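Enquirer: Provided below are the primary sequence and the corresponding predicted coordinates.
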Amino acid sequence: MMHPGPKNLITDVSGVCVGNAHNEALKSGVTVFSSGHGFTASYAVMGGAPGTRETDLLAPDKSVDKIDALVLSGGSAFGLDAASGIVDRLCANGRGFAVGTYSVPIVPAAILFDLNNGGRKDWQENPYPHLGRLAFDDLSQEFDIGSIGAGFGAKCGMMKGGLGSASFQLQNGITVGALVAANPIGNVTDASGKHFWAAPFEVNDEFGGFGPPKGNGHAQSFDHTKLSSLIERANTTIAIVATDAILTKAEAQRMATAAHDGFARAIVPSHLPLDGDLIFSAAMGRHQVPEGRLAFAEICHAASLCVSRAIARGVYHARYYTGDASVTWQSLNER
């Protein structure tokens, strides 16, 4: 039996903190995931157009066994520089991978495309390192969801996207959580704009309690008028799944891979050649996984369900700001 943690956020996982920063004129932002100590991490990509920094280090055969932070950012390739601002902060705190007398902070990052969302992008100096520093300074176990951080300027299909989070506590005492910046080409609802594809996995009416889409065949259609602009690298959903369990890098990679099922359950269509869908995974190393293969399998399953719920929650809580290029779920369903 699984139930959400007290906050229903990824920070229900012991040791996890999340920080957010955005610029309203820019219509973009940054989200950072970190802890007071290094943690095991890996990742899995299933979209066709990812944008990343330092992800090769997360492969199970690479020598770095712990990292210091993970970054989700808007801004396409410009947003990868948000990690530089976070590296500055970590370096000042003496954090990092020991290389001789030096400590080098390890901060993998992934980006989504939000350059065409109506915000000002005529900067003279890349704003993302500064946003990264602000997000790091905001690190906390409490944070808002919706139009915030990396999800501030996100779009999905026919409405605004957003930053969402969800958690599950397992009967064996292990906690799993997800943090998602939802910005896919596909839709998170049926054609009515009301019923979330993730509704079968909803808990406690956390995104409205309107139930699943009706069997009207819209799930099988590929209606270009209901999708985001079909421009290569112009979307992407990026996420982090975390657990307080002790996992190897190989197990963390498997958790990230299994968590992609959450994208497919919540976004139709998902994992397109034009999306850069990526999920990071983080194991905070607090609890031993009980013996037996099913215990680890349950962690992977919980991660995928948390991802689905986080996607819907991020879109459900998105807010409208003047000049936005997309309407919100809330405004669509006030009519």
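Expert: Happy to help now that I have it.
Enquirer: in the protein, which strand has the most residues?
Expert: strand 28-45 (DSSP state E).
Enquirer: put the alpha carbons of it into PDB.
Expert: Provided in PDB are the C-alpha atoms of strand 28-45 (Å, rounded to 0.1, in the frame of the first residue of the first chain):
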ATOM      1  CA  SER A  28      11.700  31.400 -17.800                       C
ATOM      2  CA  GLY A  29      13.300  30.000 -14.700                       C
ATOM      3  CA  VAL A  30      15.500  27.400 -13.000                       C
ATOM      4  CA  THR A  31      15.000  24.600 -10.500                       C
ATOM      5  CA  VAL A  32      17.700  23.000  -8.400                       C
ATOM      6  CA  PHE A  33      17.700  19.700  -6.500                       C
ATOM      7  CA  SER A  34      20.300  19.200  -3.800                       C
ATOM      8  CA  SER A  35      21.200  17.900  -0.400                       C
ATOM      9  CA  GLY A  36      23.600  18.500   2.400                       C
ATOM     10  CA  HIS A  37      25.800  15.600   1.200                       C
ATOM     11  CA  GLY A  38      26.700  14.000  -2.100                       C
ATOM     12  CA  PHE A  39      24.200  11.400  -3.500                       C
ATOM     13  CA  THR A  40      24.100   8.600  -6.100                       C
ATOM     14  CA  ALA A  41      22.500   9.600  -9.400                       C
ATOM     15  CA  SER A  42      21.900   8.400 -12.900                       C
ATOM     16  CA  TYR A  43      19.500   9.300 -15.800                       C
ATOM     17  CA  ALA A  44      17.600   8.000 -18.800                       C
ATOM     18  CA  VAL A  45      16.700   9.800 -22.000                       C
END
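Enquirer: neighbouring contacts of the helix or strand just after it?
Expert: Downstream of strand 28-45, the first helix or strand assigned by DSSP states H and E is strand 52-53. By C-beta atoms under 8 Å, 6 or more residues apart in numbering, the residues outside strand 52-53 that reach it are 45, 71, 80, 83, 107, 108, 109, 110, 111, 278. C-beta: built from backbone N, CA, C; applies to glycine.
Enquirer: so how far is the longest strand of the chain off the chain centroid?
Expert: The chain centre lies 10 Å from the centre of strand 28-45; the measure is C-alpha atoms, centre = their mean, to the nearest Å.
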